[in-house]
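[1] Need coordinates for the following:
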Amino acid sequence: VPESGRDRGWGTVAWQHYGSLLGALAGHEWPATLDVCFDFPVYAFGYNWTDSSHASGRALADYIGRVIDEQGRIQPCRQVILVTHSMGGLVARSACKLHGAESKVLGVLHGAQPAFGAPSAYQRIKHGFRELDGSLWDWLCHPIRKISDTLTERVLGDEGPEVTLLMAHMPGGLELLPTREYRTNDGGSAWLHYRGRHGHSLDLPRRGDPYDEIYSAKEAPFRLIDPRWLGGISVGEYDQMKEGQWANYIENLKVAKQFHVSLGQYIHPETYQFYGTALDTADRIEIGCQKFSGRQLFDLQHLEGKHFFEYRDAHNQVIDTDHDIYLDDPAAFEIPNRWHTESIWAYAVSPPRGSGDGTVPDTSGRALTARPSFYDKGPDGTVSIDADDENDHARTHDRIFNTATARHITIKAIENLCKAKIRHETGA
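    Residues are numbered from 1 along each chain as shown. Model (predicted):
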């Protein structure tokens with residue numbers, strides 16, 4: 001981190017994702033008219049993404065106040081401009097609506113914001129951060145990206161039980177799930193399609209309440225959280241520990257739901273937004289099952305390209321692969337006698353087929369109605385970044401601000417916000 005940015009929070013954000021943007025903004029030569037009327041010091045604000053965005057919004061509102069006070073000791077300063085990425089959009093909207101910062105913010109640019117959540121959050125809790133598809137060719141074409149993805153798996157978990165253990169206890173993580181307002185790319189309110197063992201299917205949520213119908217479900221295969229994955233337990237204390245961990249998860253879910261309700265569809269009056277598109281992204285979730293012989297359990301667990309998250313027996317009881325059999329050790333592998341003749345059903349999530357930036361689908365990235373008072377390149381303040389602008393590797397969710405296109409949009413949005421302020425003050 002350059003010395004000039006150390007006192008302005010640059011070290012609180014991921015440098016590999018935001019360093020090029022911070023440097024570009026700090027070194028940009030602004031038009032003379034704007035340079036006379038405005039000062040452009042560049043600050044960064046890192047936050048604890050595992051905590052609720054309500055709490056992070058309060059911290060951001062306080063930080064905005066401190067920045068204004070600090071700059072005010074140099075010359076008059078009344079407002080700041082916010083540039084957000086991903087969940088940072090929720091935090092910024094929280095600061096403005098829920099913590100009184102709107103009047104201190106001249107305007108906002110949201111990049112790749114999951115405004116109404118993203119099904120990929122559900123997918124990663126069920127399956128972990130491993131890819132649902134992918135190939136050697138992917139590794140050869142994008143080795144740096146694949147290494148980065150592998151590191152993410154190591155930290156947050158490449159399997160559903162590992163990610164569940166973390167995310168179920170993180171209100172911030174749960175706030176990334178689809179909200180009541182979420183719609184698929186084609187406008188549908190039901191974003192989870194479940195096909196059961198006897199061919200019946202469900203499209204959820206049916207009543208428009210994913211918190212009750214999906215996230216609070218405990219028994220159905222499409223449940224978000226498997227209670228067995230909520231934390232370590234000791235023999236004899238299973239039921240008591242399981243219920244305690246589940247109650248803790250439900251409390252975190254209530255925090256996330258209340259935040260979604262409180263934030264609603266709020267948007268700062270002077271807002272621009274952009275999103276990445278045309279990459280395979282989960283705008284909906286499809287869960288299906290396949291029937292196998294019980295003797296195939298070990299082979300299924302290690303079948304290349306198939307990522308089953310749950311197995312059930314002929315009586316619809318979950319097969320506990322961590323305790324009933326030894327799947328990780330072929331030498332110790334045992335199959336209960338009854339499974340020699342019985343069938344089992346294996347459940348899996350299909351690979352994503354929608355459009356987005358690999359994490360946030362188009363529908364959520366452009367969900368808010370952004371209509372700033374001044375915009376010189378189109379009818380409103382929403383811009384997409386597609387294959388004509390940047391290659392597939394560059395415009396993925398985490399890396400979008402490393403692209404020249406995103407930096408150009410950011411600078412144009414800041415210029416437009418400043419021009420709008422001049423027009424308002426001068427009556428031009």
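
[2] From here on, just use CA atoms for contacts and neighbour counts.
    OK.

[3] shaky segments in the protein?
    Within the chain, the ranges that satisfy pLDDT under 70 run 130-157, 232-242, 297-306, 321-341, 375-380.

[4] tell me, which strand in this structure spans the most residues?
    The longest strand of the chain (DSSP state E) is strand 285-293.

[5] For the most centrally placed residue in the chain, give me its contacts.
    Centroid check for the chain by Cα atoms, centre = their mean gives residue 176 as the closest residue, at 5.0 Å. By Cα atoms under 8 Å, 6 or more residues apart in numbering, the residues touching residue 176 are 87, 114, 116-118, 121.

[6] buried set for the longest strand of the chain?
    Within strand 285-293, the residues that count as buried by 16 or more other Cα atoms under 10 Å are 285-289.

[7] Just after the helix ranked longest in the chain, pick out the following helix or strand.
    Across the chain, the longest stretch assigned as helix under DSSP state H is helix 238-263. The C-terminal neighbour of helix 238-263 among helices and strands, as given by DSSP states H and E, is strand 271-276.

[8] Just checking: what are the partner strands of that next one?
    Using DSSP bridges, strand 271-276 pairs in its sheet with strand 105-111 (parallel), strand 382-385 (parallel).

[9] Just the residues contacting the helix or strand following that strand, thanks.
    Downstream of strand 271-276, the next assigned helix or strand under DSSP H and E is strand 279-281. Defining contact as Cα under 8 Å, 6+ apart, one finds that strand 279-281 is touched by 120, 352-361, 392, 396.

[10] just stretch 65-84 next, same as before
    Residues from elsewhere that reach stretch 65-84, judged by Cα under 8 Å, 6+ apart: 64, 92, 103-111, 113, 410, 414.

[11] can you list these in JSON lines and add distance to residue 32 and neighbour count?
    Converted to JSON lines, these look like this (distance: Cα to Cα, whole Å; neighbours: other Cα atoms under 10 Å):
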{"residue": "64", "distance to residue 32": "26", "neighbour count": "22"}
{"residue": "92", "distance to residue 32": "29", "neighbour count": "31"}
{"residue": "103", "distance to residue 32": "26", "neighbour count": "13"}
{"residue": "104", "distance to residue 32": "24", "neighbour count": "17"}
{"residue": "105", "distance to residue 32": "23", "neighbour count": "20"}
{"residue": "106", "distance to residue 32": "20", "neighbour count": "20"}
{"residue": "107", "distance to residue 32": "21", "neighbour count": "25"}
{"residue": "108", "distance to residue 32": "22", "neighbour count": "27"}
{"residue": "109", "distance to residue 32": "22", "neighbour count": "27"}
{"residue": "110", "distance to residue 32": "26", "neighbour count": "28"}
{"residue": "111", "distance to residue 32": "27", "neighbour count": "29"}
{"residue": "113", "distance to residue 32": "32", "neighbour count": "29"}
{"residue": "410", "distance to residue 32": "18", "neighbour count": "24"}
{"residue": "414", "distance to residue 32": "14", "neighbour count": "22"}
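
[12] sorry, back to before: out of the contacts of strand 279-281, list just those in helices.
    residue 120.

[13] now, among the contacts of strand 279-281, which is nearest to residue 211?
    When the contacts of strand 279-281 are compared for distance to residue 211 (Cα to Cα), residue 120 wins out at 16.0 Å.

[14] isn't the closest one right up against residue 282?
    Yes. Using Cα atoms under 8 Å, residue 120 makes contact with residue 282 at a distance of 5.7 Å.

[15] Which of the two has more residues huddled nearby?
    Between residue 120 and residue 282, counted using other Cα atoms under 10 Å, the more crowded position is residue 282 (29 against 24).

[16] Now do the contacts for that one.
    Residue 282 sits next to 118-120, 351-356, 358-361 when contact means Cα under 8 Å, 6+ apart.

[17] Not counting residues beside it along the chain, what's closest to it?
    Closest residue in space to residue 282, ignoring its immediate chain neighbours: residue 352 at 4.4 Å, by Cα to Cα, 6 or more residues apart in numbering.

[18] Number of residues surrounding the one you found?
    Close neighbours of residue 352, defined as other Cα under 10 Å, add up to 22.

[19] one step back: distance to residue 1 added to the buried residues of strand 285-293, as a markdown table?
    Shown next, in a markdown table, are these (distance: Cα to Cα, whole Å):
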| residue | distance to residue 1 |
| --- | --- |
| 285 | 40 |
| 286 | 43 |
| 287 | 44 |
| 288 | 47 |
| 289 | 49 |
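
[20] between those, which is closest to residue 192?
    Nearest to residue 192 among the buried residues of strand 285-293 is residue 285, at 4.7 Å by Cα to Cα.

[21] still on that earlier bit, select only the buried ones of the contacts of strand 279-281 in ChimeraX?
    Listed next is the ChimeraX selection for buried residues among those, using 16+ other Cα under 10 Å:
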select :120,352,354,355,356,357,358,359,360,361,392,396
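
[22] Please identify which pair of the contacts of strand 279-281 lies farthest apart.
    Using Cα to Cα, the contacts of strand 279-281 span at most 18.1 Å, a distance reached by 120 and 392.

[23] Could you pull up phi and psi at residue 4?
    Backbone torsions of residue 4, given as degrees, to the nearest 10, read phi -60, psi -20.
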